[in-house]
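Visitor: predicted model follows, preceded by the sequence.
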Amino acid sequence: MANAAEWDEVRPVSRGVSLLKAENVAFVLFLAYLLIYPSTTDDFSIGNTAYFMAITLMALSLALIWGKAGILSFGQTAFFGIGGYLFGIYTLNVLGSGATWVGILVGVMAGGIVAAILGYFMFYGGVNDVFVGLTTLALTLVLQTFMAQTAGPEWAVGEARLNGYNGMYVPQISIGDAPLYGRPLYFLYLAILIGVYLLLRWLSSSRWGYGLVALQENRPRTETFGYNVRLMQVQVFCLAGCIAALSGALYASWGSYIDPSSMGLTAAITPVIYVAIGGRRSLTAAMISSMILLQLSQSLASSAPEYALVIFGVLALLAVLFVPEGFMAALFSAIDRWVFRRARVDPGMGTGGVSSETPRVG
């Protein structure tokens, strides 16, 4: 058997090599690109990329709940809209330094509370699988229908007029009395996006995260191992609702505007398509693919807007039929298989012909 000294020599190499994965390399390159991007382009493109980052947060929330827990939700846009509207209502009625920051917190809490209440009744009521998708889609359409008929002057909360499809004015995030524009807003959104991503990566690698994967595969068996399956489902649904609401608050602040179309049927399906194309089980794939597809969508909007959803729909169909793990996640797997798997073997071959994963037998 291998002696203790040989195991001590192997373990640091194995831990270091385990970080050398395509997903991690892609994240580092993606972050480096976003950090230098503002110095290479104009203010208009910087503002658009900040918008992409705000929407990508909603895709991350879906990747968490669908990819990690196996719960397909069409309600992320409902929580998105709740976050955006509550942010606007609070900031229009509460003046003073720091109001927009508290408004973000109010929007996030509102989205999380609604998600927790809905999740409680769904999961403790035995609603699972496709019926969760139908229930969350119904919530989205009900909210959109309600908000669409709020154009009259009687539909106001204090100083905040809802305005139906005319849209509600929303103040921009500010420091003191100075609204954030351009590069400062861009780097704020980047910090929030990366912070949420790293939090979700950490949670996914925790005992709670492994429990989510287990309940996705087999809920009854997971329960026999001592996990409170229904509570975990409510927890992840609530967390995903908070992230989607944060996305809505940042979106509303970015454009100083929100209307019921942000909670429509098209808006509900779009993040599902983005995540399915990139890879629902990989947070990195979902994040990067969403940014790419949002950029593509905007490019098509100026030249061929009628084809954008058709192209995305075809890509999603191809992913479901031929690459169920998603195109970007499949690319990560291929790179790991053909590049980094060899890297895990090669370092050990330089020390007596033994791989880094298999200690010598003494």
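Guide: In hand now; what should we look at? Residues are numbered from 1 along each chain as shown.
Visitor: residue 158: what's it in contact with?
Guide: For residue 158, the contacting residues are 89, 92, 93, by Cβ atoms under 8 Å, 6 or more residues apart in numbering. (Each C-beta comes from the backbone N, C-alpha and C, glycine too.)
Visitor: tell me the phi and psi of it?
Guide: Summarising the backbone geometry of residue 158 under the convention degrees, to the nearest 10, its torsions are phi 60, psi -120.
Visitor: in the helix or strand hosting residue 208, which residues are buried?
Guide: Taking DSSP states H and E as the criterion, the element that holds residue 208 is helix 207-217. For helix 207-217, burial by neighbour count (16 or more other Cβ atoms under 10 Å) applies to 209, 211, 212, 214, 215, 216.
Visitor: now stretch 127-134
Guide: Within stretch 127-134, the residues that qualify as buried are 127, 132, 133, counting by 16+ other Cβ under 10 Å.
Visitor: show me what the helix holding residue 208 is in contact with.
Guide: Counting contacts by Cβ under 8 Å, 6+ apart, the residues touching helix 207-217 from outside are 68-70, 203-204, 221-222, 225, 227, 229, 232-233, 235-236.
Visitor: and residue 56, how many neighbours?
Guide: By the criterion of other Cβ atoms under 10 Å, residue 56 has 25 neighbours.
Visitor: wasn't it part of a helix?
Guide: Yes. According to DSSP: H, G, I helix; E, B strand; the rest coil, the state of residue 56 is that of a helix.
Visitor: pLDDT score for the closest residue in space to it that isn't next to it in sequence?
Guide: For residue 56, ignoring the flanking residues on the chain, the nearest one in space by Cβ to Cβ, 6 or more residues apart in numbering is residue 290 at 4.5 Å. The predicted local distance difference test score for residue 290 is 95.
Visitor: count residues in the vicinity of residue 290, would you?
Guide: 27.
Visitor: that one and residue 206, how far apart?
Guide: Computed as Cβ to Cβ, to the nearest Å, the residue 290 to residue 206 distance reads 24 Å.
Visitor: check whether residue 151 sits in a helix, strand or coil.
Guide: coil.
Visitor: sorry, wrong one. I was asking about residue 280.
Guide: With three-state DSSP as the basis, residue 280 sits in coil.
Visitor: with adjacent residues omitted, what lies nearest to it?
Guide: Distances taken as Cβ to Cβ, 6+ apart place residue 67 nearest to residue 280, at 3.7 Å, with adjacent residues excluded.
Visitor: number of nearby residues for that neighbour?
Guide: Residue crowding around residue 67 was assessed by other Cβ under 10 Å; the count is 28.
Visitor: again, but for residue 272
Guide: Other residues near residue 272 come to 20 when the count uses other Cβ under 10 Å.
Visitor: can you show me the CA trace of whichever helix or strand it is part of as PDB?
Guide: The secondary structure element spanning residue 272 is helix 265-278 (assigned by DSSP H and E). Listed next in PDB are the C-alpha coordinates belonging to helix 265-278 (Å, rounded to 0.1, in the frame of the first residue of the first chain):
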ATOM      1  CA  LEU A 265     -45.000  34.900 -22.300                       C
ATOM      2  CA  THR A 266     -42.000  35.700 -24.600                       C
ATOM      3  CA  ALA A 267     -40.000  37.000 -21.600                       C
ATOM      4  CA  ALA A 268     -40.800  33.900 -19.600                       C
ATOM      5  CA  ILE A 269     -39.600  31.500 -22.300                       C
ATOM      6  CA  THR A 270     -36.500  33.400 -23.300                       C
ATOM      7  CA  PRO A 271     -34.300  32.600 -20.200                       C
ATOM      8  CA  VAL A 272     -35.300  28.900 -20.600                       C
ATOM      9  CA  ILE A 273     -34.000  29.000 -24.200                       C
ATOM     10  CA  TYR A 274     -30.800  30.700 -23.100                       C
ATOM     11  CA  VAL A 275     -30.100  28.200 -20.400                       C
ATOM     12  CA  ALA A 276     -31.100  25.200 -22.500                       C
ATOM     13  CA  ILE A 277     -28.700  26.200 -25.300                       C
ATOM     14  CA  GLY A 278     -25.800  26.900 -23.000                       C
END
